[in-house]
Structures are given as structure tokens and as C-alpha cells.
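1. Sequence plus predicted model, see below.
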Amino acid sequence: MNNNYKLIYEGKAKKVFSHNDEDKVIIEFKDDATAFNALKKAKFEGKGKLNCLISARIFEFLIENNIPTHFIELKNENTMIAKKIKVIPLEIVLRNTAYGSLCKQTTIKPGTILAKPLIDIYLKNDELNDPLITKDRIDLMNLISSNDLDLIINLTLKINTVLKSFFKNIKLQLVDFKLEFGYDFKNNILLGDEISPDNCRLWDLKQKNDTIVSLDKDRFRNDLGGLIEAYSEINRRINEFI
């Protein structure tokens, strides 16, 4: 990255740099993979590039479907230019199919198609291990107004409809996904972060039997191997579709 750009923030998978325009930032995607709140770590050459390219294509598709996002354009294959946002410290998880933590915390069996999408909200706080949080606790902590929270929930449901259709077109089942939102300088709420196999559970619909084949970060979480191959396959299918 050019020395003229100042590092603003470095997370588990991305670095955020300043831009000549103070209302924009430059986001560089790293090759690092983390799981279980960074207790498990590894590097995969090419992962950052794949997540950046996949995110860019999906953000463009969401923008075409009237979803407000921070994405502006690709700078290069592993870097994008985005609107600068003040990140809301909440992670919004939408589940279409029961899997992962939902099944560990309830009696619902893995693979159960949910009657309607379930939205779980987590406090974005590494020290507290990103706990599940209620609307009343959000209100108590004065994190965001109830009107803005309702707007985010409605946006998440709309994003789910768009993404389910998008992924179905490339023979992928959207099991669940995590979103982050923030305020731009005009106080508009925008979808931020990324949309990639790092924060979406995606199962291959090309399987002829009922075997679950994950094409997402579960390949790393569960030591299945073939993470780069899975991400490359998603990128290939997106490029064929768009």
C-alpha cells in the first residue's frame, strides 16, 4: 500500500486505510483466516484476492437491487474503495437453515430449513466473545435507536431475499450469513464489511445426494481442506453468472 495512505484500522481479515477523499477509505483484504474468535489462525495465499473479488461482485448486485452499501469500486484485485462509515458495534446474523451455534444452543437439528428467516444479533466485542444480545440490552446500552435497528432488520431481510436468489442461480444454498452496518457522513445507514464465503455459509446444490458440501469458511473451521478451491469455485460461478 502507498505510504501516503494511513492505516486506520486492522482487523482479522482486512486493513482499512485513509483515502485522499476524507469520505472514502481503502480496504485491503488479507490472506489470513481465523475461526472461533481468532483462537484458530492460518494463512491461505490468494484468499484475500478471492474475498475481495467476490464481495465486489455481490455488492454491485445488491446496489443494483437498491440496497445501500459502502462499496464504491475495486482499486485492484485485493483492494476496494468504499465510503467511510462509522461502524455500528452489532453483528446481524440471518439464518435460513439451522446449523452451527443455533443447533448447539437449541434442540433444532442441523440442516432444518427454518419456517421463516431467523435474525440473531451479536454485540461486536472481541473481549466479550461477541455475545448474543437482545433488543432491550441494545436499548439499555444506547447502541442504536429502535428505529434504526428496525431499519437494519428490514434491510437484512431484503438482502436475504436478494442473496438467496443470487446464490440459487449459481447452485448454492444460502444457509446463513453475517452482516455489519454503519453510518456515512450524512448519517445514512449502509451495509459495510464484506459479503464472501468468510461470512456466508454456502452449500453446493450440485450434489446429487444429501451430503453437505460446504464452499465457505467451514472448510477451515472443520479442517475439511480445500478452502482456496472452494472460494475459487464460487468466484468462477459468479463470473459465469454476471
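-> All right, it came through fine. Numbers count the residues shown, from 1 in each chain.

2. CA atoms for contacts and neighbours, from now on please.
-> Will do.

3. the domain parsing of the protein - what is it?
-> Following automatic domain parsing, the chain resolves into domains at 7-83, 86-241.

4. Could you tell me the end-to-end distance of the last one?
-> I take that to be domain 86-241. End-to-end span of domain 86-241 (Cα to Cα, to the nearest Å): 33 Å.

5. repeat for the first one
-> Domain 7-83 has an end-to-end distance of 16 Å (criterion: Cα to Cα).

6. what do you get for stretch 164-181?
-> 19 Å.

7. Give me the contact list for that stretch.
-> Applying Cα atoms under 8 Å, 6 or more residues apart in numbering, the external contacts of stretch 164-181 come out as 87-88, 90-99, 152, 156, 163, 189-195, 199-206, 237-238, 241.

8. Buried ones among these?
-> Listed as buried from the contacts of stretch 164-181 are 87-88, 90-99, 152, 156, 163, 189-195, 199-205, 238; burial here means 16 or more other Cα atoms under 10 Å.

9. Can you flag which of the contacts of stretch 164-181 belong to strands?
-> 87, 90-97, 189-191, 200-204 (DSSP state E).

10. just so I have it, where are all the helices in the protein?
-> 47-64, 101-105, 135-140, 146-169, 218-221, 227-241 (DSSP state H).

11. Might you list the low-confidence residue ranges for the protein?
-> For the chain, residues meeting the criterion pLDDT under 70 lie at 1-3.

12. Could you say which of the helices of the chain is packed most deeply?
-> Ranked by mean neighbour count, the helices of the chain are led by helix 47-64 with a mean of 20 (mean count of other Cα atoms under 10 Å).

13. what packs against that one?
-> strand 24-29, strand 71-76, strand 79-83, helix 227-241 (3 or more Cα pairs under 8 Å, 6 or more residues apart in numbering; DSSP states H and E).

14. Any buried residues in the longest strand seen in the chain, and which?
-> Longest strand of the chain, by residue count under DSSP E: strand 113-123. Buried residues in strand 113-123, counting neighbours by 16+ other Cα under 10 Å, are found at Pro117, Ile119, Asp120, Ile121, Tyr122, Leu123.

15. Stretch 21-28 now?
-> Buried, per 16+ other Cα under 10 Å, within stretch 21-28: Lys24, Val25, Ile26, Ile27, Glu28.

16. got a list of what the fourth one touches?
-> Okay, so that is Ile27. By Cα under 8 Å, 6+ apart, the contact set of Ile27 is Lys14, Lys15, Val16, Phe17, Thr79, Met80, Ile81, Ala82.

17. Just grab the bridge partners of it for me.
-> Following DSSP bridges, Ile27 is listed with bridge partners Val16, Met80.

18. any idea how far Lys168 is from the closest residue to Asn65 other than its chain neighbours?
-> Nearest non-adjacent residue to Asn65, counting by Cα to Cα, 6 or more residues apart in numbering: Val162, 7.4 Å away. Using Cα to Cα, one gets 10 Å for the distance from Val162 to Lys168.

19. surely Ile88 meets Asn188?
-> No - judged on Cα atoms under 8 Å, Ile88 makes no contact with Asn188 at a distance of 11.9 Å.
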